[in-house]
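[1] Return a 3D structure for these sequence lines:
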Amino acid sequence: HKKLEYQRMDNMQLLLSALCNRRDEWDGRMIALAANAAAHFYIYQPGFWKSVAVSLPKLVWSMNPLELSNLVSAMARVDRRDTGSLLMISRMCRRCAKQNLFSQETLAIALNSFAKLDFNHPRLSRVFELAAITKLDRALEMGPDYRKSSLRDIDVFDVQSLVLLLQAWVCLVGTSDETIEKVLILISWSRKEVSDFQRRTLKTTCIILRRQYAALCRRLPHEVRNALYEFEKAPVKMPTFEPRWQKELRFTLRKMDISAELKAVVDDQVLDIFMPANNAVICAIGPYGYYANSTHRTAYSKLHQRVLEAEGYKCMVVPYYEWAELQTEEDKMVYLWSMGRRAAAQGRAASD
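    Numbers count the residues shown, from 1 in each chain. Prediction:
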């Protein structure tokens, strides 16, 4: 159904329910494929994901790197941060990475997915980094035409994998400047292959690089710096969407005579409420800004705020669950005034 882009969610729910009823027949391949398909359609059915977690202790130890990366990327797609499941998957991933069993795409996907789920175990991160560096060095030895080597069955990172690695290491996990430089050189060699979706990811990554890795950026080769400038400044066409409750928040600000604009400030796909008079941004954090069934903000949600703050904006965070508790228009106005006063007081304290 995933391959056919089947859109009947009711039938998908029935298929998942039937699959859960036959849980005793599951194996590693089946659990990875089912989770991947469910995540592709953003199906959050609690019964299915609970069955996955219950089955993992028996199945995870026989799963191969492709199945492991499919499973953890599925959990990352639906923001399913189940620490018990992630711990088991990470142990098996560590074993496979030590034996160099991951291909370039499965390694990049697994590394980025763990980072997206804010699961950064030091030993796992180190093993992943060593496995990736081996492939990076192999590609660098081949020179600017390294991508042609994939036609000869030589396992080197493609552009999508390089973008995932760079985002995870620069924005979420951290690594050495030397490793980041290797990835940047390879991406600059392949910059003509970069898609709009990848440019969107690279744009925010470039801002973090410019603000937090200034010394590294200064010593990069001229062609690499040019590529970074192009990634950050080139316009990207991405669809945008404003949630209903964010529209309500803007309407309340208008009633309070506060000038506010709806614009993509640092991310072409994320619309923020920008207040030019204060150079401030209200970050309306909706349900998808939190991990499933929790008030723990996702790594991507926190990253967006970090990018805004790195660019010099004052950020005021409005969680959806706090806004939902406000019953009257007066309650909402008082909430926003209080939030503004707290932000102003924090700004004065920081300047002192």
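[2] where does the stretch 1-150 of the chain dip in pLDDT?
    1-9, 149-150 (pLDDT under 70).
[3] Also the stretch 151-300 of the chain?
    For the stretch 151-300 of the chain (pLDDT under 70), the answer is 151-153.
[4] hmm, 90 instead?
    The model of the stretch 151-300 of the chain has pLDDT under 90 over residues 151-157, 196-197, 233-246, 258-260, 263-271, 277-279, 293.
[5] ranges for the helices of it?
    159-167, 177-189, 196-212, 214-219, 222-233, 244-255, 299-310 (DSSP state H, counting those that start in this stretch).
[6] Out of those helices, which is closest to residue 143?
    Closest to residue 143 of the helices of the stretch 151-300 of the chain is helix 177-189 (CB to CB; 8.2 Å). In short, each C-beta sits where N, CA and C put it, glycine included.
[7] And the closest one, what's buried?
    179-189 (16 or more other CB atoms under 10 Å).
[8] which ones are touching residue 200?
    If a contact means CB atoms under 8 Å, 6 or more residues apart in numbering, then residue 200 has 236, 238, 267-269 as its contacts.
[9] would JSON lines of these with neighbour count and distance to residue 214 be doable?
    Listed next are the contacts of residue 200 as JSON lines, based on neighbours: other CB atoms under 10 Å; distance: CB to CB, whole Å:
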{"residue": "236", "neighbour count": "18", "distance to residue 214": "24"}
{"residue": "238", "neighbour count": "14", "distance to residue 214": "28"}
{"residue": "267", "neighbour count": "21", "distance to residue 214": "21"}
{"residue": "268", "neighbour count": "18", "distance to residue 214": "24"}
{"residue": "269", "neighbour count": "13", "distance to residue 214": "27"}
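[10] closest to residue 147 among these?
    Relative to residue 147, the closest of these is residue 236; by CB to CB it sits at 22.6 Å.
[11] so what's the closest one up against?
    196, 199-200, 203, 268.
[12] Spatially nearest residue to it (excluding sequence neighbours)?
    residue 268 (4.5 Å; CB to CB, 6 or more residues apart in numbering).
[13] next one: residue 326
    The nearest residue in space to residue 326 (CB to CB, 6+ apart) is residue 332, at 4.8 Å.
[14] The one you found contacts residue 324, correct?
    No - with contact defined as CB atoms under 8 Å, residue 332 does not count as touching residue 324 (10.8 Å).
[15] quick one: which of the two has more around it?
    The neighbour comparison of residue 332 against residue 324 (other CB atoms under 10 Å) goes to residue 332, with 20 against 9.
[16] From residue 253, how far off is the more buried one?
    10 Å (CB to CB, to the nearest Å).
[17] Check the secondary structure at residue 80 for me.
    Assigned by DSSP: H, G, I helix; E, B strand; the rest coil, the conformation of residue 80 is coil.
[18] Who are the contact partners of it?
    49, 74, 117, 291-292.
[19] change it to 10 Å
    35, 38-39, 44, 46, 49, 52-53, 72, 74, 86, 117, 291-293 (CB atoms under 10 Å, 6 or more residues apart in numbering).
[20] Phi and psi next, for it.
    phi -100, psi 90 (degrees, to the nearest 10).
[21] ok, so of the contacts of residue 200, who is nearest residue 31?
    residue 269 (31.1 Å).
[22] count of residues packed around residue 69?
    27.
[23] make that residue 313, sorry
    For residue 313, the neighbour count with other CB under 10 Å is 20.
[24] pretty sure it is in contact with residue 266, am I right?
    Yes - here residue 313 reaches residue 266: they are 8.2 Å apart, a contact under CB atoms under 10 Å.
[25] Could you please give me the overlap between the contact lists of these two?
    272, 281, 305, 307.
[26] Using a markdown table, please lay out the helices of the stretch 151-300 of the chain together with distance to residue 100.
    Listed next are those as a markdown table, based on distance: least, CB to CB, whole Å:
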| stretch | distance to residue 100 |
| --- | --- |
| helix 159-167 | 16 |
| helix 177-189 | 17 |
| helix 196-212 | 26 |
| helix 214-219 | 28 |
| helix 222-233 | 28 |
| helix 244-255 | 46 |
| helix 299-310 | 27 |
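[27] what's near enough to touch the residue nearest to residue 326?
    Here residue 332 is in contact with 248-249, 251-253, 255-256, 318, 323, 326 (CB under 10 Å, 6+ apart).
[28] List buried residues within these.
    Counted by 16+ other CB under 10 Å, these give 249, 252-253, 318, 323, 326 as buried.
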